[in-house]
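A.B. asks: this is a predicted model, with the sequence first.
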Amino acid sequence: EPEVTQTPSHQVTQMGQEVILRCVPISNHLYFYWYRQILGQKVEFLVSFYNNEISEKSEIFDDQFSVERPDGSNFTLKIRSTKLEDSAMYFCASSWEDTQYFGPGTRLTVL
Amino acid sequence: GQSLEQPSEVTAVEGAIVQINCTYQTSGFYGLSWYQQHDGGAPTFLSYNALDGLEETGRFSSFLSRSDSYGYLLLQELQMKDSASYFCAVRGGSYIPTFGRGTSLIVHP
């Protein structure tokens, strides 16, 4: 069964550094998403991407964040100048229509 | 804006039936989804209701009443592996879902 994959599974970085989180969505899906989940809290929407551009973004997704689809398969989330409060699980998801399929997540730890 | 309310925790015993409720407030409505998330894992899609009524998928069923802005997830024949967090998520004015804070289901032997 096709699935969303994410790399790395765990990323540790120093405060102020830039990180790139990578995702490979399910191949025939058209919509891509990034979510964040701080430990013990709910899943929070960051951004959605369709037709090679951002279709919606939340107030969390400020200038510190950017997304890119550099080729036909990868979908990346870049976080610039990381802060301690960026430590969280970051989930990528993709969908064809109503159902979103989540990847296993990248645990980002900012020290 | 959109908001969802669901209980923070529910406990039950193996073999029992449990219902997790979700009420929502939203300016528009496309549908209500349910996701399961085990500790350290990714949310996994369980069900989606766009219309009123009951949707059944094996041991899990989901119900929606749009007039009451209310839905529930029903889990039957509970198993230990059902211990997880369950999130309702509403698609309101856009197709982007807003997640509730999750209900932690603890299944005891």
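C.D. replies: Yep, it's here. All values derive from a computational prediction rather than experimental measurement.
A.B. asks: in contact with residue A:91, which residues?
C.D. replies: A:6, A:34, A:35, A:36, A:37, A:43, A:102, A:103, A:105, B:42, B:43 (Cβ atoms under 8 Å, 6 or more residues apart in numbering or on different chains). Any C-beta I mention is one placed from the backbone N, CA and C, and that applies to glycine too.
A.B. asks: spatially nearest residue to the third one (excluding sequence neighbours)?
C.D. replies: Same thing as residue A:35. residue A:91 (4.5 Å; Cβ to Cβ, 6 or more residues apart in numbering or on different chains).
A.B. asks: that's a helix at that neighbour, yeah?
C.D. replies: No - counting by DSSP: H, G, I helix; E, B strand; the rest coil, residue A:91 is not part of a helix but strand.
A.B. asks: and it, what's its pLDDT?
C.D. replies: With respect to pLDDT, residue A:91 has a value of 96.
A.B. asks: name the helix or strand for the one residue sitting closest to the centre of chain A, please.
C.D. replies: The centroid of chain A falls nearest to residue A:34 when counting by Cα atoms, centre = their mean (3.5 Å). Using DSSP states H and E, residue A:34 sits in strand A:31-37.
A.B. asks: now the next helix or strand after that strand - C-alpha only, CSV.
C.D. replies: Using DSSP H and E, the next helix or strand after strand A:31-37 towards the C-terminus is strand A:44-50. Taking Å, rounded to 0.1, in the frame of the first residue of the first chain, the C-alpha atoms of strand A:44-50 are listed here in CSV:
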residue,chain,number,x,y,z
GLU,A,44,-1.7,22.1,14.3
PHE,A,45,-2.0,22.9,10.6
LEU,A,46,1.0,24.8,9.1
VAL,A,47,0.5,25.0,5.3
SER,A,48,-1.1,23.3,2.3
PHE,A,49,0.3,23.1,-1.2
TYR,A,50,-1.4,22.5,-4.4
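A.B. asks: tell me the angle strand A:44-50 makes with strand A:31-37.
C.D. replies: Strand A:44-50 and strand A:31-37 are oriented at 170 degrees to each other (axes from the mean of the first three to the mean of the last three Cα atoms, to 10 degrees).
A.B. asks: what lines up beside strand A:44-50 in the sheet?
C.D. replies: With DSSP bridges as the test, strand A:44-50 is paired with strand A:31-37 (antiparallel), strand A:53-57 (antiparallel).
A.B. asks: can you flag the weakest of the ones you listed by average pLDDT?
C.D. replies: Among the strands paired with strand A:44-50, strand A:53-57 scores lowest, with a mean of 90.
A.B. asks: flag every residue of chain A that's near chain B.
C.D. replies: Residues of chain A lying near chain B by Cβ under 8 Å from any Cβ of the partner chain: A:31, A:33, A:41-45, A:48, A:56, A:91, A:98-105.
A.B. asks: try it again with 6 Å
C.D. replies: Within chain A, the positions near chain B by Cβ under 6 Å from any Cβ of the partner chain are A:42, A:43, A:45, A:48, A:56, A:91, A:98, A:99, A:102, A:104, A:105.
A.B. asks: and the contacts of residue A:91, which two are the farthest apart?
C.D. replies: A:6 and A:43 (14.6 Å; Cβ to Cβ).
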